[in-house]
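**Student:** Return a 3D structure for these sequence lines:
(2 chains)
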Number of protein chains: 2
Amino acid sequence: MSAARNKANQRIAALKSLLCVGLDTDPGKIPEVFSSCPNPVLEFNRSVIRATCDSAVSYKINTAFYESRGIEGLRDMEATLREIPGECLAIADAKRADIGNTSRMYARAFFEHWSFDAITVAPYMGEDSLEPFFSYSDKLVFVLCLTSNAGSADFEEQRLEGGEMLYQRVLDRVSGWSCGGNGGVVVGATKSAMLADIRSRAPGLFFLIPGVGAQGGSLEEAAEAGVDADRCSALINISRSLIYPAGTFGSIGEYEEAVALEARRVHEAVRKVL
Amino acid sequence: MSAARNKANQRIAALKSLLCVGLDTDPGKIPEVFSSCPNPVLEFNRSVIRATCDSAVSYKINTAFYESRGIEGLRDMEATLREIPGECLAIADAKRADIGNTSRMYARAFFEHWSFDAITVAPYMGEDSLEPFFSYSDKLVFVLCLTSNAGSADFEEQRLEGGEMLYQRVLDRVSGWSCGGNGGVVVGATKSAMLADIRSRAPGLFFLIPGVGAQGGSLEEAAEAGVDADRCSALINISRSLIYPAGTFGSIGEYEEAVALEARRVHEAVRKVL
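**Tutor:** Residues are numbered from 1 along each chain as shown, chains lettered A, B, ... in the order given. I've put the predicted structure just below:
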């Protein structure tokens, strides 16, 4: 059984929270108050983690925001990863996948070299491109299924011969590839009308649900429709609307208070649903 | 007009070659003779480039092989990138894509921070996930279309309502998104029966064709079917069967001779087709 899945579900049950905090840290958006820090990105991430760790089940590091600054950014990614509390699920939002011998290298990077608990991967190239990730039975592998962006209409929501949509085919195949409970899917909260149907088709998968907040999805609907029969196995990711609160801050403490307040609001709303 | 595309086509015309050398450098596969070098990966890559630079139009760095060793590996990737001759197209085989604001970060990483000429991207999330890459009109963007692996049957070759296959839909959409000639597709040489049809449906795209060599595709068929009406705008990538020749080598010079011999053989075979 997937140790990563157990860790996430234990924390979901203990906190009655589904909060995954997205560390999509854009140096251009970090509040002014961090500008005098020797390393604004790392100090900002530390503040976000401090402010949310009582409510967060998981932290999701979006690799693009770190890669955009090359090795310096990846050093910040590594340092941030070390700051994530051990009881929280650390997700690499990497959306990787390639032919098998190459995917093995990506899996080694994120699961062994960097020791993330989970990763997001892209399904286009099919089973042998994802098998190297699924072969880590102690981890969690979130396959893109129905994403929160407008472009999901281009391919994901195209209907296949026989009537099902591409994302439904992906969902069914991922259920088969999941090894010892380590399978998951990414389903956008902006697609709440489909979320309940997707959950009913895949009762055994773990759901990672982005799209609440800046992208406009409803938190309560996502929580209600996303959890499994045991009221767990789902995470709702919130990035921009949580880590970049409106306003200016006189101190780092003030910034952390604003983030903590929003994290508690999200936590409370989900607690009511669970 | 895409400067990257022009650069590649000028070299194709000058050399009568379509060779793209895949620098999929696996530390576990580097010949023994490099083991005493202070940095075997970098010295190996330098040798491959020295041995192939008279025949190569392009070098493709597969990011997975460097990421698998974390920051140390990425330092080798950066150093390798600097070794690629300026007249050759430098491709980041990264297969990235995410929602728009995240893809912008990936595009910034590979096109600005690392200054690659071209990148491979994954189409699953649709237009807004690829637009940030296509917005660089001087670069080349290769979208996964029909890949060389067995898993291509799982989704890429599924038939949509209306009769076309998913990869054909991807092909048609990419033709529309291509900006000033900066669009390309990845089509596996193992699919040579479909390659000519794909070329005829997308006369204006640049083709990146992996799958010759270790994966079994035919070089001559790929060259004949892959080029456009001007006998250019295609690259045939060869990695493992070129950079890991059979045998043991008494010196780095001997290794380079074996690689140069195979590169010239590939070059000559393609020259006859062109």
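**Student:** make it CA atoms for all contacts and neighbour counts henceforth
**Tutor:** Will do.
**Student:** what ranges do the strands span in the stretch 101-250 of chain A?
**Tutor:** Taking DSSP state E, counting those that start in this stretch as the test, the strands found in the stretch 101-250 of chain A are A:118-121, A:140-146, A:183-187, A:206-209, A:234-238.
**Student:** Serialize those strands to JSON lines and add fields for distance to chain B.
**Tutor:** Converted to JSON lines, the strands of the stretch 101-250 of chain A look like this (distance: least, CA to the nearest CA, whole Å):
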{"stretch": "strand A:118-121", "distance to chain B": "10"}
{"stretch": "strand A:140-146", "distance to chain B": "8"}
{"stretch": "strand A:183-187", "distance to chain B": "11"}
{"stretch": "strand A:206-209", "distance to chain B": "14"}
{"stretch": "strand A:234-238", "distance to chain B": "14"}
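**Student:** winner for burial among those strands?
**Tutor:** strand A:140-146 (a mean of 29; mean count of other CA atoms under 10 Å in any protein chain shown).
**Student:** which other residues reach that strand?
**Tutor:** A:2, A:4-5, A:95, A:117-123, A:133-134, A:152, A:156-157, A:167-168, A:170-171, A:174, A:182-188, A:191, A:206-208 (CA atoms under 8 Å, 6 or more residues apart in numbering or on different chains).
**Student:** can you rerun that using 7 Å?
**Tutor:** Outside strand A:140-146, the residues within contact range by CA atoms under 7 Å, 6 or more residues apart in numbering or on different chains are A:4-5, A:117-123, A:133-134, A:152, A:156, A:167, A:170-171, A:182-188.
**Student:** For it, give the mean pLDDT please.
**Tutor:** The pLDDT scores in strand A:140-146 average 98.
**Student:** And for stretch A:39-56?
**Tutor:** Per-residue scores along stretch A:39-56 average to 98.
**Student:** Can you mark which positions in that stretch are buried?
**Tutor:** A:40-53, A:55-56 (16 or more other CA atoms under 10 Å in any protein chain shown).
**Student:** which two in those residues are spaced the farthest apart?
**Tutor:** Maximum pairwise distance in these, criterion CA to CA, is 23.5 Å, between A:P40 and A:S55.
**Student:** ok, stretch A:43-60 near chain B or not?
**Tutor:** No: Stretch A:43-60 is not in contact with chain B by CA under 7 Å from any CA of the partner chain; minimum separation 13.4 Å.
**Student:** now that stretch, how far from the centre of its chain.
**Tutor:** Its chain's C-alpha centre and that of stretch A:43-60 lie 13 Å apart, by CA atoms, centre = their mean, to the nearest Å.
**Student:** What residue, apart from its backbone neighbours, is nearest A:D26 spatially?
**Tutor:** Sequence neighbours aside, A:F65 is the residue nearest to A:D26 in space, at 6.2 Å (criterion: CA to CA, 6 or more residues apart in numbering or on different chains).
**Student:** Mind jotting down where the helices sit in the stretch 51-200 of chain A?
**Tutor:** A:63-67, A:70-83, A:100-107, A:127-134, A:166-177, A:192-201 (DSSP state H, counting those that start in this stretch).
**Student:** which secondary structure elements does the second one contact?
**Tutor:** Read it as helix A:70-83. Applying 3 or more CA pairs under 7 Å, 6 or more residues apart in numbering or on different chains; DSSP states H and E, we find helix A:70-83 packed against helix A:40-52, helix A:63-67.
**Student:** quick one: contacts of that helix?
**Tutor:** Counting by CA under 7 Å, 6+ apart, A:L42, A:N45, A:R46, A:Y66, A:E67, B:I71, B:A109, B:H113 sit against helix A:70-83.
**Student:** Which members of the residues you listed are the farthest-apart pair?
**Tutor:** Pairwise over those, using CA to CA, the maximum falls at A:R46 and B:H113, 25.2 Å.
**Student:** Scan chain A for its longest helix.
**Tutor:** Across chain A, the longest stretch assigned as helix under DSSP state H is helix A:252-273.
**Student:** Centre of the chain to that one, how far?
**Tutor:** Per CA atoms, centre = their mean, the centroid offset for helix A:252-273 relative to its chain is 18 Å.
**Student:** same thing with stretch A:183-201?
**Tutor:** Distance, stretch centre to chain centre, for stretch A:183-201: 14 Å (CA atoms, centre = their mean).
**Student:** how far does that stretch stretch from start to finish?
**Tutor:** 14 Å (CA to CA, to the nearest Å).
**Student:** Next, the buried residues of the longest helix of chain A.
**Tutor:** A:252, A:255-260, A:262-264, A:266-267, A:270-271.
**Student:** Likewise for stretch A:72-91?
**Tutor:** A:73-78, A:80-81, A:84-85, A:88-91.
**Student:** residue contacts, A:L130?
**Tutor:** A:A97 are the contacts of A:L130 under CA under 7 Å, 6+ apart.
**Student:** brain fart, A:R240
**Tutor:** A:A214.
**Student:** If we use 8 Å, what do you get?
**Tutor:** So, once contact is read as CA under 8 Å, 6+ apart, A:R240 ends up touching A:G22, A:D24, A:G213, A:A214.
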